[in-house]
Every structure is written in structure tokens, then in C-alpha cells.
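> Fold the stuff below for me.
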Amino acid sequence: MDTSYPREDYLPVTSHKRDPSPTVIAVGSSVAPRDHLIWSVFNTIYMNFCCLGFVALAFSVKARDQKVAGDVEAARHFSSKARCYNILATVGSLLLPLLLTALIITGVIHLSKLAQESIDFFSYQLSMSDDDDDK
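Modelled structure (predicted):
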């Protein structure tokens, strides 16, 4: 007895005729906009430069709310604002430490040259006063 499933002799016979159906072309983008929520949370917690990460988080939450409500255009608008604030927060948070590091390095170099010139000046003055004492 053959117990294999499905049995070929009980399969329904399908017609190979094609029904003429109209071709549908989607012009608008039905893809939901991204809300950038994870990026905003990261900027808020780790790199909050001038509170731009918090502002980006607020716009991300608004974008997510509008996406859930079905208002794609408003969600796209808030998503765009959240992306801009996230970019500003990330760039500011990356450039500020680099700028401070460069300023500290140039300050240390300047102070070391100033200290070396002071040592040279005072050692020259002391050597001249020693010569004056010998005469």
C-alpha cells in the first residue's frame, strides 16, 4: 500500500489558460520612511553635542508615531529632520574632541618651546653673571 503524500492521482487539474490582467505600475514609493531611532538614541546617550541628539530623538519618535498612524508624508518629513540632527550631532561630537586634541597638542608644543627659550635665556644670564663675579 502506497502511503506517500500528496497522491498524484488526486491532484486537481489546473487550466493553463491565462486570464488577461492589467499591468500595474506603482509610481509612488510606498516604502515607509526610516525613523533613525537607534541612531538618535546612540547620539542622545553617548555623544550628546549641544543636545542635538535629544532633538533628533524627539523627531525620530514623531516620525515613528506618524508612520504607525499611516501619515507617510509627515513621517518622511520628521524622519528627514531627525536624520539632519543626527548628522549634525555625530559630526559635532566627532570634530569637537579632534579639535580639542589638536589645540592641546599645539599648546604643549608652544609651551615646550617657550620653556626651552626661558631656560636658554636664564642660563645665558647666569653664565654672564658668573663671568662678572670672577673679574
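> pLDDT averaged over stretch 56-75 - what is it?
Average pLDDT, stretch 56-75: 94.
> Would you mind listing the buried residues in that stretch?
Neighbour counts using 16 or more other C-beta atoms under 10 Å place 56-60, 62-64, 66-67, 72, 74-75 of stretch 56-75 among the buried residues. (C-beta placed from N, C-alpha, C; glycine too.)
> So Lys67 is in contact with Ala32, correct?
Yes. With contact defined as C-beta atoms under 8 Å, Lys67 reaches Ala32; the gap is 5.4 Å.
> what is in contact with the two at once?
Ala75 (C-beta atoms under 8 Å, 6 or more residues apart in numbering).
> center of the chain - which residue?
Nearest to the mean C-alpha position of the chain, by C-alpha atoms, centre = their mean, lies Thr90 at 5.0 Å.
> helix or strand for Ile38, which one?
helix 37-45 (DSSP states H and E).
> just checking, next helix/strand downstream of that helix?
For helix 37-45, the following helix or strand on the C-terminal side (DSSP H and E) is helix 52-69.
> Sweet, I'm off.
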